[in-house]
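>>> need a structure here:
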Amino acid sequence: MRGRLADNGQLAEVGMAGGVITSVAPVKQGPEVWLAPGLVDLQVNGYGGHDVNSGSVGPQDIAAMVEALWRRGTTTLCPTIITGPAERMTESLHAVARARAEDALVAHSVPCAHVEGPAISSEDGPRGAHPLEHVRGPDLGELDRWQEASGDLVGIVTLAPERPGAVAYISELNRRGIVAAIGHTAATPAQVRQAADAGARLSTHLGNGSHAQLPRLDNYLWEQLADDRLWASFIFDGHHLPPAAMRAMVRAKGMRRSLLVSDSVALAGSPPGLYRAPVGGTVRLHPDGKLVMEGTGFLAGSASDLLTGVANAVRLVGLGPADALSLASTNPAQLLGLGGPGGRGRLTVGHRADVAVLSWPPGAPAPTPVATVVAGRLVHADPRNEEVAQACEP
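Numbers count the residues shown, from 1 in each chain. The predicted structure is shown next:
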């Protein structure tokens, strides 16, 4: 493939064989497209009409969602199962496992699943759109049932550290190599510190799933921002966080510990209107893309994908394209333990050949994905873009 490397703007040819990158060499001529690492999204509840949390979700729905996201430059994702009846959560995990078993490329794109809840705060605000009737405490027996249903696929668990038994649960997650994440919490600063002491590594969509009003200086947001042991994920869809908060939070956590997630739901890409959704019940999708629980001010997930977050990181936060793309590829891959040799999130020799080919002319508000490569296979190419043929060679 030929184009400009996203990290330095240099025209280059990227060679691939056997699913890995074999060479990266400068060239004098090439199409004006950007070659970026495939995006890595740690929080995908659904997309394109496919819902991970539907009571009827099957492996075909998971595969279709993965393929739809390939067309948006996302090559790695964590299907996210939220708080719900124990049986439904287990069935969703089983559907993800079956989808991986039936398609090797889907298995490559889905290295693990993210379980968000059910051990979260029961308070309005921190609970977000999670159904109150299914909020419950952390249970290692339930974790074992998740892993049995999915073949040890759970790789991230988001919970509130103030729940009784949460600190011991976090310690066990850490021992098993599962990323313990703080989220949907009403914790005191001391409880946040205890969670980090026990091995918590991530703050899930920091700034969201929280109270509308907090003590000015002594609260769980400041504590998570200040703790260098915690990475932080952010939803940059233009609705979850105002631009000033976006800029301040990335500066506080630093570029090395910040990452973007979409938090997309099945309604992402749908026309505005009133919908009935498994997450949030009756929800309204506004013309500007804001998705809320009807009759409340609470957000019901995001109707945007990860590439929109990259565009907003440039447009609203002021990051350069290379930094914005790293927050959505290199950093999340590192958090998952996929950033080393043979991993993903970088266009360097020896890494997996996951590539997003983007058209992003100067002044354009957002990049347009024109081709996507997953494990060395071209899975998407926009026939309307004349530069695709120049970028991709057999």
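>>> okay, and residue 142 sits in which element?
Element membership for residue 142 (DSSP states H and E) is helix 140-150.
>>> what's next to whichever helix or strand comes after that helix, contact-wise?
Next along the chain after helix 140-150, taking DSSP H and E as the criterion, comes strand 154-159. For strand 154-159, the external contacting residues (Cβ atoms under 8 Å, 6 or more residues apart in numbering) are 42, 78, 93, 111-117, 119-120, 138, 143, 146-147, 166, 169-170, 173, 178-185, 202, 204, 336. C-beta coordinates here come from the backbone N, C-alpha and C atoms, glycine included.
>>> repeat that with 7 Å
Applying Cβ atoms under 7 Å, 6 or more residues apart in numbering, the external contacts of strand 154-159 come out as 42, 78, 111-117, 119-120, 138, 146-147, 166, 173, 178-181, 183-184, 204, 336.
>>> ok, stretch 19-37 next?
Stretch 19-37 is touched from outside by 1-6, 10-16, 325, 329-330, 344-360, 370, 375-376, 387, 390-391, with contacts defined as Cβ under 7 Å, 6+ apart.
>>> now it: buried residues?
By neighbour count on 16 or more other Cβ atoms under 10 Å, the buried set for stretch 19-37 is 19, 20, 21, 24, 30, 31, 33, 34, 35, 36, 37.
>>> that stretch: end-to-end distance?
Start and end residues of stretch 19-37 are separated by 14 Å (Cα to Cα, to the nearest Å).
>>> hmm, back to that, the buried residues of stretch 19-37 in strands, which ones?
Of the positions in those, 20, 21, 24, 34, 35, 36, 37 sit in strands, assigned by DSSP state E.
>>> what about the first one, distance to residue 376?
Distance from residue 20 to residue 376, counting by Cβ to Cβ, to the nearest Å: 7 Å.
>>> what sits in contact with each of these two?
residue 353.
>>> relative to strand 154-159, how tilted is the longest strand along the chain?
Criterion DSSP E: the longest strand present in the chain is strand 74-82. For strand 74-82 against strand 154-159, the angle by axes from the mean of the first three to the mean of the last three Cα atoms, to 10 degrees is 50 degrees.
>>> how far off helix 140-150 does strand 74-82 point, in degrees?
Strand 74-82 and helix 140-150 are oriented at 140 degrees to each other (the same axes, to 10 degrees).
>>> could I have the CA atoms of strand 74-82 written out in PDB?
What follows is strand 74-82 as a C-alpha-only set of coordinates in PDB (Å, rounded to 0.1, in the frame of the first residue of the first chain):
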ATOM      1  CA  THR A  74     -12.100   0.200  13.000                       C
ATOM      2  CA  THR A  75     -10.100  -3.000  12.800                       C
ATOM      3  CA  THR A  76     -10.100  -4.100  16.500                       C
ATOM      4  CA  LEU A  77     -13.100  -3.700  18.900                       C
ATOM      5  CA  CYS A  78     -14.400  -5.000  22.200                       C
ATOM      6  CA  PRO A  79     -18.100  -5.800  22.000                       C
ATOM      7  CA  THR A  80     -19.500  -4.300  25.200                       C
ATOM      8  CA  ILE A  81     -22.100  -6.100  27.300                       C
ATOM      9  CA  ILE A  82     -23.900  -3.800  29.800                       C
END
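>>> avg pLDDT for that strand?
Strand 74-82 carries an average pLDDT of 98.
>>> can you list the helices and strands that that strand packs against?
Contacts defined by 3 or more Cβ pairs under 7 Å, 6 or more residues apart in numbering; DSSP states H and E place strand 74-82 against strand 39-44, helix 59-70, helix 86-102, helix 104-109, strand 113-116.
>>> now tabulate the ones you listed in a markdown table and tack on mean neighbour count, mean pLDDT and distance to residue 286.
Putting the helices and strands packed on strand 74-82 into a markdown table (neighbours: other Cβ atoms under 10 Å; pLDDT from 0 to 100; distance: least, Cβ to Cβ, whole Å) gives the following:
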| stretch | mean neighbour count | mean pLDDT | distance to residue 286 |
| --- | --- | --- | --- |
| strand 39-44 | 30 | 98 | 21 |
| helix 59-70 | 22 | 98 | 22 |
| helix 86-102 | 20 | 98 | 27 |
| helix 104-109 | 19 | 98 | 30 |
| strand 113-116 | 26 | 98 | 23 |
